[in-house]
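J.: Would you be able to build a 3D model of this:
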Amino acid sequence: MLPFDRGDLAWPAGPALFLRAREGAALHRYPLGRLLAEQSYRPQADALMRAGLQVADAEALDALPARHALVLALPPRQRSEARAVLARAVRLAAPGGFVVAAVANDEGARSGEADLKQLAGLGGSLSKYHSRVFWTAPLHGTHDAALLERWRALDAPRPILGGRFVSRPGVFAWDRIDPASALLASLLPADLQGDGADLGAGYGYLSSEILVRCAQVRSLDLYEAEARALDLARRNLAGAKVEVGFHWHDVTAGLPRRYDFIVSNPPFHTQGSAYRPDIGRRFIAVAAQALRPGGQLWLVANRHLPYEETLNEAFGQVRVAGERDGFKVIAAIRAR
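T.: The predicted model follows:
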């Protein structure tokens, strides 16, 4: 918001759009009645809605014409995804509108600025708060249309691993099988049964392995805070022979039902890069609350992460089922 605070840019009277929006006090210094926000990460989307902003999903936005006098954007760290965000921002700006983007210095600020300059030219830039904000001049169709279409396509879902899965840039371990998840899958007992859940399911690898390895599973719920990943999981598990639920949900807020088993490769970073082992500890506590007596938790984590105290407090039995390549798999049983 710095260029608006300084007077370099004027807040428009027309409709405005905020891609990858985040809630923040600086935003509320401006009239937000005509601002539409997009955010696919559930905790951030919830914060925006609590603040009274209208939140729309990407598919609905992409169906809109280029009508926005202002498009704000917070491009992510992954460059292909970031370029797709900038291309969408330029595409959705009305004639005469402008795009304003900001990136932290340690998350690719200079690359982001160079990319917007290449796509549509720059009207200005500022650097402060260990971040960089940069913007276009008023857009009158002078952007590189062919480059815009190429960059929009960078975010498209595509087959990976020989076509076994569909994935897209920006999703966790988007073009491979995460080695921690692979270790957990290899140690899952074949006799897991009943109703299960995958917490932080990503594009659906672990859930897919459960359905292949565990014939007695009755139902499986996938919980994922990133809607872009959950949409992929829906596609990757479309042929499941059991009841499968897909939930765009912040696991740290708790789960709505009880389960016989839960698997998880919990995150230990925020949407950016901040180290947050408390998220994994909260996943463990939520899993303990959601498991039926005698229910099993199968969890994988980096070996150094301090989860044992939480596990021992929440479960009757805890053991390390296996270790490899700096990861540990922990099996825990809720006391009866």
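J.: hey, let's count contacts and neighbours off CA atoms from now on
T.: OK.
J.: who touches stretch 317-330?
T.: For stretch 317-330, contacts defined as Cα atoms under 8 Å, 6 or more residues apart in numbering pick out 180, 183-184, 187, 297-303, 311-312, 331-335.
J.: what helix or strand is Ile156 on?
T.: For the record, residue 156 is Ala, not Ile. Assessed by DSSP states H and E, Ala156 sits outside every helix and strand.
J.: so what's it closest to, chain neighbours aside?
T.: Taking Cα to Cα, 6 or more residues apart in numbering as the measure, Ala156 lies nearest to Arg168, with 6.2 Å between them; neighbours along the chain are not counted.
J.: That neighbour reaches Ala153, doesn't it?
T.: No: using Cα atoms under 8 Å, Arg168 and Ala153 do not qualify as a contacting pair, with a distance of 10.4 Å.
J.: So if I had to pick from these two, which one is more boxed in?
T.: Applying other Cα atoms under 10 Å to Arg168 and Ala153 shows that Arg168 carries more neighbours, namely 22 against 15.
J.: how far away is Val286 from Gly202?
T.: The gap separating Val286 from Gly202 is 18 Å, by Cα to Cα, to the nearest Å.
J.: Tell me which residues touch the closest residue to Val99 other than its chain neighbours, please.
T.: Leaving aside its sequence neighbours, Val99 sits nearest to Val71 (Cα to Cα, 6+ apart; 4.8 Å). Remark: with contacts taken as Cα under 8 Å, 6+ apart, Val71 is in contact with Ala16, Leu17, Phe18, Leu19, Ala89, Val90, Leu92, Ala93, Gly97, Phe98, Val99, Val100.
J.: Show the backbone phi and psi for the second one.
T.: In this entry, Leu17 is assigned phi and psi values of phi -130, psi 140 (degrees, to the nearest 10).
J.: From what I see, it and Leu74 are in contact.
T.: No: with contact taken as Cα under 8 Å, Leu17 and Leu74 are classed as non-touching, separated by 11.5 Å.
J.: Following element in sequence after the least confident helix or strand in the chain by mean pLDDT, please.
T.: Among the helical and strand segments of the chain, the one scoring lowest on mean pLDDT, DSSP states H and E is helix 58-62, with a mean of 84. Downstream of helix 58-62, the first helix or strand assigned by DSSP H and E is strand 68-73.
J.: I would like the residues contacting whichever helix or strand comes after that next one, please.
T.: Stepping forward along the backbone from strand 68-73, the first helix or strand reached (DSSP H and E) is helix 79-92. Counting by Cα under 8 Å, 6+ apart, helix 79-92 makes contact with 19, 62, 64-68, 71-73, 75-76, 98-99, 112, 115-116, 119-120, 148-149, 151-155, 169-170, all of which sit outside it.
J.: mean confidence score for helix 79-92?
T.: When pLDDT is averaged over helix 79-92, the result is 96.
J.: tell me how far it is from the chain's mean position?
T.: On the basis of Cα atoms, centre = their mean, to the nearest Å, helix 79-92 is displaced by 16 Å from the centre of the chain it belongs to.
J.: before we move on, the earlier item: what does the least confident helix or strand of the chain rub up against?
T.: The contact list for helix 58-62, computed with Cα under 8 Å, 6+ apart, reads Glu38, Ser40, Arg88, Leu92.
J.: Equivalent analysis for stretch 151-159, please.
T.: For stretch 151-159, contacts defined as Cα under 8 Å, 6+ apart pick out 80-81, 83-85, 87-88, 165-169, 232.
J.: measure Tyr206 to Arg218 for me?
T.: Tyr isn't right for residue 206; it's Leu. Counting by Cα to Cα, the gap from Leu206 to Arg218 is 16 Å.
J.: which one of the two has more residues nearby?
T.: Legend: neighbour count by other Cα under 10 Å for Leu206 and Arg218, higher for Leu206 (25 against 16).
J.: CA atoms only for the helix or strand hosting that one, dumped as CSV, please.
T.: Of the helices and strands defined by DSSP H and E, Leu206 is found in helix 205-213. Coordinates of the C-alpha atoms in helix 205-213 are reproduced here as CSV (Å, rounded to 0.1, in the frame of the first residue of the first chain):
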residue,chain,number,x,y,z
TYR,A,205,-0.4,-38.9,-3.0
LEU,A,206,-0.8,-40.3,0.5
SER,A,207,-4.5,-40.8,0.1
SER,A,208,-3.9,-42.6,-3.1
GLU,A,209,-1.5,-45.0,-1.4
ILE,A,210,-3.9,-45.7,1.4
LEU,A,211,-6.6,-46.7,-1.1
VAL,A,212,-4.1,-49.0,-2.9
ARG,A,213,-2.6,-50.6,0.2
